[in-house]
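Student: Would you be able to build a 3D model of this:
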Amino acid sequence: MSTTLPEIQSFLEHSGLAFEVWPCDPELADTARFCEHYGVALENSANAILVRSKTGAEKFVLCVLLATHRLNTNHTVRKKMGARKVSFASADETRALTGMEIGGVTPLCLPAGLPVWIDAAVMDCEYVVLGGGSRDCKIKADPRILLQQADVEVVPDLAKSA
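Tutor: Predicted coordinates:
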């Protein structure tokens with residue numbers, strides 16, 4: 001049986017918005033495999049990607065974008081971070097900073113001080129499917145749930161349609 005982490009479950013229950021927690025085979029947690037196997041539209045699936053600066057002061061930001069889009073790393077993300085170069089954080093960095101494995105990272109209930117940037121297209125969805133905090137579940141929710149936390153910003157052109 002799949003379960004969200006207690007802090008995430010509590011956040012969902014107190015959000016005032018409808019949500020569902022869906023069990024997921026951990027081997028199928030990566031977005032493309034999940035969507036194909038479980039019949040979920042890529043257009044409603046959101047990826048949470050941790051990005052790090054490669055130059056200057058070390059900075060991290062979690063970016064949320066639809067699975068049908070590509071992160072605009074070299075323009076929007078780099079400029080907004082104020083870094084000459086940025087890259088995707090490694091699996092080890094992601095685990096150390098969020099406490100979650102890639103394929104299960106959720107933009108909900110992250111450590112204080114970690115900014116979350118949401119591509120504006122995510123907010124246009126009727127619902128989004130997010131990581132559940134572990135590779136054994138996903139969360140289906142109204143995208144407005146993302147705005148009910150600190151350090152969150154909707155960023156136009158954060159991602160571009162793939």
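Student: CA atoms for contacts and neighbours, from now on please.
Tutor: Noted.
Student: how about the strands of this protein, start to end?
Tutor: Using DSSP state E, the strands found in the chain span residues 19-23, 46-53, 60-66, 69-71, 86-88, 116-119, 128-131, 137-141, 152-155, 159-161.
Student: what sits against the residue sitting furthest away from the middle of the chain?
Tutor: Ranked by distance from the centre of the chain (CA atoms, centre = their mean), the top residue is Gly56, with 24.7 Å. Contact partners of Gly56, counting by CA atoms under 8 Å, 6 or more residues apart in numbering, are Ala83, Arg84.
Student: ok, 10 Å please
Tutor: Gly56 is in contact with Gly82, Ala83, Arg84, Lys85, counting by CA atoms under 10 Å, 6 or more residues apart in numbering.
Student: Now do the contacts for the spatially most central residue of the chain.
Tutor: Centrality entry for the chain: nearest residue to the mean C-alpha point is Ala48, 2.2 Å, by CA atoms, centre = their mean. Residues in contact with Ala48, defined by CA under 10 Å, 6+ apart, are 62-67, 102-108, 116-118, 130-131.
Student: Show me the beta-bridge partners of it.
Tutor: Val64 (DSSP bridges).
Student: Check what pLDDT it gets.
Tutor: If you check Ala48, the pLDDT there is 97.
Student: can you check Gly16 too?
Tutor: 97.
Student: Thr3 now?
Tutor: Value for Thr3, per-residue pLDDT: 62.
Student: circling back to that earlier point, just say which of the strands of the chain is most tucked in.
Tutor: strand 128-131 (a mean of 28; mean count of other CA atoms under 10 Å).
Student: Output that one in PDB, but only the C-alpha positions, please.
Tutor: In PDB, the C-alpha atoms belonging to strand 128-131 read as follows (Å, rounded to 0.1, in the frame of the first residue of the first chain):
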ATOM      1  CA  VAL A 128      -1.900  18.000 -12.100                       C
ATOM      2  CA  VAL A 129      -0.300  14.700 -11.100                       C
ATOM      3  CA  LEU A 130       2.700  15.300  -8.800                       C
ATOM      4  CA  GLY A 131       5.300  13.100  -7.100                       C
END
